[in-house]
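K.L.:
3D, please:
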Amino acid sequence: MNTKMKIAAVFAAALMLLSFSACAVNMPDSSNSSNTSSEAEATPEPEASVDESQFADNLEGLQEYMVAKEYISGTPVDMEASFIGAKDGVKYTCSYEGSNNITMELYEYDTSSLNETAQEIINSVKETGTFELMGITAEATMSDSGKYLMVYKDSTSGEVHDTRTQQVKEDFKAFKK
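P.N.:
Residues are numbered from 1 along each chain as shown. I've put the predicted structure just below:
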């Protein structure tokens, strides 16, 4: 039975690893597209006006907030959050001016009882904006409250997407300070 659990854990870890790296596979390369200069200089859409106080201070509330801000959409996939010491996690794959070019993983930590893995991940993200899991380095953002972690990837580049990515990160960080 112990061997089966180890195999299941390795399999789950491999799936999580693939979720970190698969987001850029088979994605259209925006550098080869025929963007006109007016498209490249376009400004991002104004962000949705959302009152943060309407949302609960938990993973579900954070998801609802990010949906209301129009940063994510669709049905989330549950993530194996324990690999990074979190108590819960979800992943969204959606589009912004592209085809499934956005992936957002959201994780919630129980700040009153962080295990060693959680503390290492949180410290690494706070210090470097990254963490390492099974030899893979992932860019991540920690909320100002220290309760939430976000892994955000937009496979399309350009001024509009870069500006939007920065806004997503700022709004995420400020959630329930």
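K.L.:
Let me see the ranges of the strands in this protein.
P.N.:
77-78, 88-94, 102-108, 130-133, 136-139, 141-142, 148-154 (DSSP state E).
K.L.:
Can I get the ones you listed in CSV including mean pLDDT and mean neighbour count?
P.N.:
C-beta coordinates here come from the backbone N, C-alpha and C atoms, glycine included. Listed next are these as CSV, based on pLDDT from 0 to 100; neighbours: other C-beta atoms under 10 Å:
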stretch, mean pLDDT, mean neighbour count
strand 77-78, 97, 10
strand 88-94, 97, 19
strand 102-108, 97, 24
strand 130-133, 92, 16
strand 136-139, 94, 15
strand 141-142, 97, 20
strand 148-154, 97, 22
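K.L.:
of all the ones you listed, which lies closest to residue 70?
P.N.:
Proximity to residue 70 (C-beta to C-beta) singles out strand 88-94 among these, at 9.9 Å.
K.L.:
got the angle for the closest one vs strand 148-154?
P.N.:
Here strand 88-94 points in a direction 20 degrees away from that of strand 148-154 (axes from the mean of the first three to the mean of the last three C-alpha atoms, to 10 degrees).
K.L.:
Strand 88-94 pairs with which strands, and in what direction?
P.N.:
strand 77-78 (antiparallel), strand 102-108 (antiparallel) (DSSP bridges).
K.L.:
Now for this structure, the helix or strand with the poorest mean pLDDT.
P.N.:
helix 37-40 (a mean of 38; mean pLDDT, DSSP states H and E).
K.L.:
Pull the number of nearby residues for residue 167.
P.N.:
14 (other C-beta atoms under 10 Å).
K.L.:
Next one: it from residue 82, what distance?
P.N.:
To residue 82, residue 167 is 30 Å away according to C-beta to C-beta, to the nearest Å.
K.L.:
pLDDT weak spots in this structure?
P.N.:
1-48 (pLDDT under 70).
K.L.:
hmm, back to that, quick one: closest of the strands paired with strand 88-94 to residue 176.
P.N.:
Per C-beta to C-beta, nearest to residue 176 of those: strand 102-108, 10.9 Å.
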